[in-house]
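1. Model the structure of this input:
(chains A and B)
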Protein chains: 2
Amino acid sequence: MLDVTLANPRADRVKQVRALSGRSARSRHGLFLVEGPQGVREAVRWAPGRIRDVYLTAAAAGRYPEIVAAVDDAVGRGAPGETAAGGGSSGGTSNLRSHVATPEVLEAMSPDAQGVLAVLRVETPSLEQAVRGARLVAVLANVRDPGNAGTVIRAADAAGADVVVLAGESVDLHNPKTVRSTAGSLFHLPVVTGVPLSDVVAGVRGEGCQVLAADGAGDLDLDDLQDLPARPAEDRSADLSRPTAWIFGNEAWGLPADDRALADAVVRVPIRGRAESLNLATAATVCLYASSRAQRRGGAAGPSR
Amino acid sequence: MLDVTLANPRADRVKQVRALSGRSARSRHGLFLVEGPQGVREAVRWAPGRIRDVYLTAAAAGRYPEIVAAVDDAVGRGAPGETAAGGGSSGGTSNLRSHVATPEVLEAMSPDAQGVLAVLRVETPSLEQAVRGARLVAVLANVRDPGNAGTVIRAADAAGADVVVLAGESVDLHNPKTVRSTAGSLFHLPVVTGVPLSDVVAGVRGEGCQVLAADGAGDLDLDDLQDLPARPAEDRSADLSRPTAWIFGNEAWGLPADDRALADAVVRVPIRGRAESLNLATAATVCLYASSRAQRRGGAAGPSR
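-> This next block holds a predicted model:
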């Protein structure tokens, strides 16, 4: 599967890969980086058709045989979703190419690669497509910190959400730090970007989702909502067993009143101690797990996937 | 309340403060830094007796009048817990001193101070003292990432935990990044450090706590445990309404078998999607909130504080 070893850390190819850590090169080329074995393993497994190149050191190729095998397998299968142009490709009918590189080349491409790195095509699903039939949606409104965004994507995946939306002026999904923080979850569920929050709300409502905003000053207490079976039948606001889209606000200023007003209800995670608040990712995880559990216990419908 | 303005960013005092971002200076002097308005506000409110100096720019003094007022108040009251030595102090009977400094001086002391910074005495509570009567304890075993440790302390505070323990070879609690990530929660509940995990387990058992280890491969599913009232009466293992100490492992390698064996039960947060795991802080938050909620609903005892 492997080409000749890349050995020149000053080669144009190395500079081009390295440049993808910046937003302008990413938008210009429609490509982004996945750094490290966990991310690359998940990319090769779940999104082989979007991978253009995989770079590994010889040591990493030995340490992660499952990545090498999966790349070989994807090349052999012609990387589903890929056009089988194959001009100059290293094997099979795929555009996917893998390359052995010296540690110096890998280090020059990215200091965070731990010996393995992939270059993927940016492909963002449409909102309509992604939310079709969704029962649990996480919406981040104007989230700016790459690590927070990635951690919420990972937690949404773990909680069994169907889709994540980075709405409004949120951080770039393909920022290397965001990609790393998702720990591969970026390839497990659709992540929609660049849609105004009001469009997102309209889209998920059209699919029958209630819309809950998470905010420390919310009227409803998440713990009370989890006791819903014990609540009087007339009080069915914010029934966690229903299909739900959660909106989470910016890490510093939360959700402005205009954004909260888009929701059916505003829910607070109860603060029992003296903390002013939870951080964004931990609050989002508690909300998503509460929904996931209520949907599984309460609903007639089975797991969403 | 304010001394003359400190204007020389190369002064010895500035170097001494800056050095506290390193572990060796912290242990040598028994002092640590709290950077930024939120942390300093909480320190002044909850631990005035441990503060030695507060440094602010004139702009920050105007922007955060509540910090200036709280410092004045603490100085006036003689900063409870402080010996009233007062030699050379700026007023009252306290050792607490506040100083106006130029932006250059603040920046030289710490690039993360946002105009306000405090130097505090390190004071770590004993395990025995801290766990007395505790109903919810978070134990971090060999956690290495400063941000993770701080985020768990903040989440434990929010969930109403009584104490956090950084057991074994965990990150230094007074690392500036840990302190920042706690968002002041460091001053809201006792955080015990430097105790071997086995001693922690013995200590909390002595107070009547069950010990639950959180691990992705655990036998028990956290969601099932939350349905306890619906479980048969003979199955009272891991009753979340009981006083509980949770053990959370290292962010990369989790809890080794020896550590898991110290617990009464090993509990997994269910993974519904394709994620391999949650990150440490989000998993810990879900566990602590599940306990907190079960204790409030199920137990005869009221809130723990």
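2. CA only for contacts and neighbour counts going forward, please
-> Fine.
3. Please tell me how far the closest residue to A:Leu197 other than its chain neighbours sits from B:Gln16.
-> Distances taken as Cα to Cα, 6 or more residues apart in numbering or on different chains put A:Ala167 closest to A:Leu197, at 5.4 Å, once the chain neighbours are dropped. As judged by Cα to Cα, to the nearest Å, A:Ala167 and B:Gln16 stand 45 Å apart.
4. residues touching the residue nearest to A:Leu197, list them.
-> For A:Ala167, the contacting residues are A:Val139, A:Leu140, A:Ala141, A:Asn142, A:Val192, A:Thr193, A:Gly194, A:Val195, A:Pro196, A:Leu197, A:Val200, taking Cα atoms under 8 Å, 6 or more residues apart in numbering or on different chains as the criterion.
5. Give me the buried entries from the residues you listed.
-> In terms of neighbour count (16 or more other Cα atoms under 10 Å in any protein chain shown), the buried residues within the contacts of A:Ala167 are A:Val139, A:Leu140, A:Ala141, A:Asn142, A:Val192, A:Thr193, A:Gly194, A:Val195, A:Leu197, A:Val200.
6. Counting neighbours, what do you get for the residue in the stretch 101-250 of chain A positioned nearest to chain B?
-> Ranking the residues of the stretch 101-250 of chain A by distance to chain B (Cα to the nearest Cα) places A:Gly160 first, at 4.3 Å. Here the neighbour count serves as a burial measure; for A:Gly160 (other Cα atoms under 10 Å in any protein chain shown) it reads 26.
7. and it, helix, strand or coil?
-> Classification of A:Gly160 into helix, strand or coil gives coil, according to DSSP: H, G, I helix; E, B strand; the rest coil.
8. Please tell me I have it right and A:Val14 contacts A:Ala108.
-> Yes - in this structure A:Val14 lies within contact range of A:Ala108 using Cα atoms under 8 Å: 6.9 Å.
9. buried sites along the longest helix along chain A?
-> Secondary structure assigned by DSSP state H gives helix A:280-298 as the longest helix of chain A. For helix A:280-298, burial by neighbour count (16+ other Cα under 10 Å) applies to A:280-295.
10. Out of those residues, which are close to chain B?
-> Intersecting the buried residues of helix A:280-298 with the surroundings of chain B, defined as Cα under 8 Å from any Cα of the partner chain, gives A:Ala281, A:Thr282, A:Thr285, A:Val286, A:Tyr289, A:Arg293.
11. and these, which two are the farthest apart?
-> Every pair in those was compared (Cα to Cα); the two farthest apart turn out to be A:Ala281 and A:Arg293, at 18.1 Å.
12. what sits against the residue nearest the centre of chain A?
-> Centre of chain A computed as the mean C-alpha position; nearest residue by Cα atoms, centre = their mean is A:Leu186, 3.3 Å away. With contacts defined as Cα under 8 Å, 6+ apart, the neighbours of A:Leu186 are A:Ile153, A:Arg154, A:Val179.
13. most neighbours, which of those?
-> A:Ile153 (37 neighbours).
14. any idea how far the lowest-mean-pLDDT helix or strand in chain A is from the chain center?
-> The element with the least model confidence among the helices and strands of chain A, by mean pLDDT, DSSP states H and E, is helix A:65-77, at a mean of 85. Once both centres are worked out by Cα atoms, centre = their mean, to the nearest Å, helix A:65-77 turns out to sit 23 Å from its chain's centre.
15. Sheet-wise, list the partners of the next helix or strand after it with their directions.
-> Counting by DSSP states H and E, the element after helix A:65-77 in chain order, helix or strand, is strand A:97-100. Strand A:97-100 has these partner strands in its sheet, going by DSSP bridges: strand A:51-56 (parallel).
16. Okay, buried residues for the partner strand please.
-> Taking 16+ other Cα under 10 Å as the neighbour-count basis, strand A:51-56 is seen to contain the buried residues A:Ile51, A:Arg52, A:Asp53, A:Val54, A:Tyr55, A:Leu56.
17. Columns pLDDT on top of those residues, output as CSV?
-> Listed next are the buried residues of strand A:51-56 as CSV, based on pLDDT from 0 to 100:
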residue, pLDDT
A:Ile51, 95
A:Arg52, 95
A:Asp53, 95
A:Val54, 96
A:Tyr55, 96
A:Leu56, 96
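18. tell me which of the residues you listed is nearest to chain B?
-> Ranked by distance to chain B (Cα to the nearest Cα), the buried residues of strand A:51-56 are led by A:Ile51 at 19.5 Å.
19. doesn't A:Val119 make contact with that closest one?
-> Yes - contact between A:Ile51 and A:Val119 holds when scored by Cα under 8 Å: they sit 6.0 Å apart.
20. Just the terminal-to-terminal distance for stretch A:61-69.
-> Taking Cα to Cα as the measure, stretch A:61-69 stretches 10 Å from start to finish.
21. Check whether it comes near chain B.
-> No - counting by Cα under 8 Å from any Cα, no contacts exist between stretch A:61-69 and chain B, the nearest distance being 15.9 Å.
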